[in-house]
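K.L.:
sequence first, then the predicted structure, then my questions.
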Amino acid sequence: MRGTKASFFDTNVLLYLLSGDEVKADRAEAVVSQGGVISIQVLNEFVSIGVRKLGMSYAEIRDVLTPIRLICRIEPLSLETHDLGVQVAERYGFSMYDALTVASALLAGCDVLYTEDLQNGQLIEERLEVRNPFAAS
């Protein structure tokens, strides 16, 4: 997958698909519709936030996640993900959850991580570029 500019999507990008902010919802849809990679962690966080903060039913969450799961390759969480996540957290000072997202993207061979949680334009491990899809161009 290297060299193909594979994209990894953080949970916050997927959540904007549900946003009342049309500009952000449209931007999220534009990047996600091109396909990419997510992790089991992203799916779990989406469910948690959907139920806890957005008041969604599990059926509604399944309805939203079904097309995403068809478009995106899903990476498992593993001991390797955990170990790399700890290294990333230590090296870059990220929270463990952000570091696990980064580790998943690195292990999946992605070149781009779409998120608004990290510094736009940051290059991680000299190969993973952080992009905030909602930042002004």
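P.N.:
Cool, got the structure. Numbers count the residues shown, from 1 in each chain.
K.L.:
now name the helix or strand holding residue 84.
P.N.:
If you go by DSSP states H and E, residue 84 is part of helix 79-92.
K.L.:
buried residues in that helix, which are they?
P.N.:
In terms of neighbour count (16 or more other CB atoms under 10 Å), helix 79-92 has its buried residues at 81, 84-85, 88-89. No exception for glycine: its C-beta is placed from N, CA and C like everyone else's.
K.L.:
tell me if residue 37 really is in a strand.
P.N.:
Yes. Remark: residue 37 belongs to a strand, assigned using DSSP: H, G, I helix; E, B strand; the rest coil.
K.L.:
contacting residues for it?
P.N.:
6-9, 72-75, 104-105, 108, 110 (CB atoms under 8 Å, 6 or more residues apart in numbering).
K.L.:
just for this structure, where's the confidence low?
P.N.:
1-4, 137 (pLDDT under 70).
K.L.:
one more time with 90, if that's ok
P.N.:
Low-confidence segments of the chain (pLDDT under 90): 1-5, 136-137.
K.L.:
which residues in it form helices?
P.N.:
Along the chain, the segments classed as helices by DSSP state H run 11-15, 22-32, 40-52, 58-71, 79-92, 96-107.
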